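In: Please find the sequence and the predicted model below.
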Amino acid sequence: MILDPDRLAARERHQLLIGSVVPRPIAFVSTTGAGGHNLAPFSYFALIATTPPLLGVSVGLRRGEPKDTLRNARASGEMVVNLVDEPMAERMVRASGEYPYGVDEFALTGLTPLACERVRAPRVGESPVSYECVVERIVDFEHTALIVGRIVCVHVRDGLWRDGRIDPAELRPVSRLGGEDYAPVREVFRLARPRAGEG
């Protein structure tokens, strides 16, 4: 089967992409704006570079208008990307509703806003890892904006950072699949990369 994305209806194209590019990490983004604090999850999210430390979060428009996350990031030049673990999953989904501007998803979900070191937006106290970011740039597309954030501070839960790396067994992140499906990382296997000159 060959599918031309330009010939698919927008909904079909969306289902094709989110159902095949899996699992996707979840950026639980906290921002602050004129309407107060906002907290929303996005699964079009990835690291971009280590030097400089950059990550990207893609935020679609909602009925042609910017979502609160994009509006706040554009105005403040800041955001915090919080990772999601299993105990946070249900409250993360609760924060994803289409609420009016000004609704505080921290209060709605019972998640804890904690002050950051370098940005004004709060981080999620329950998150295992939070990246404080300043907005490096925003790239606008037809119905989406890619927010590129420069990581300026990282909060890591005690016990996760071992021997100079994050312990994936302790992190237990939740990833997004297609539709309303999610998957936790509970099993990890390791495969060594070949070295030049080997077999």
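Out: Everything's here; your move.
In: pLDDT below threshold where in the protein?
Out: Confidence mapping of the chain against pLDDT under 70 gives the ranges 198-199.
In: Which parts of it are helices?
Out: 10-20, 68-76, 89-94, 105-109, 168-171 (DSSP state H).
In: who wins for proximity to residue 46 among these?
Out: helix 10-20 (13.9 Å; Cβ to Cβ). C-beta coordinates here come from the backbone N, C-alpha and C atoms, glycine included.
In: Residue 58 pairs with what?
Out: residue 146 (DSSP bridges).
In: tell me the contacts of residue 104?
Out: 36-39 (Cβ atoms under 8 Å, 6 or more residues apart in numbering).
In: circling back: tell me which of the helices of the chain is the most buried.
Out: helix 68-76 (a mean of 21; mean count of other Cβ atoms under 10 Å).
In: so what does that one touch, helix or strand wise?
Out: Counting contacts by 3 or more Cβ pairs under 8 Å, 6 or more residues apart in numbering; DSSP states H and E, helix 68-76 packs against strand 27-33, strand 36-42, strand 54-60, strand 78-82, strand 129-140, strand 144-156.
In: bridging residues for the most centrally placed residue in the chain?
Out: The centroid of the chain falls nearest to residue 27 when counting by Cα atoms, centre = their mean (1.0 Å). Counting by DSSP bridges, residue 27 is bridged to residue 42.
In: between the helices and strands packed on helix 68-76, which gets nearest to residue 168?
Out: Nearest to residue 168, of the helices and strands packed on helix 68-76 and by Cβ to Cβ, is strand 129-140 at 11.5 Å.
In: can you pull the buried residues of the closest one?
Out: 129-136 (16 or more other Cβ atoms under 10 Å).
In: likewise stretch 173-188?
Out: By neighbour count on 16+ other Cβ under 10 Å, the buried set for stretch 173-188 is 173-176, 182, 185.
In: and the two most separated of those?
Out: 176 and 185 (12.3 Å).
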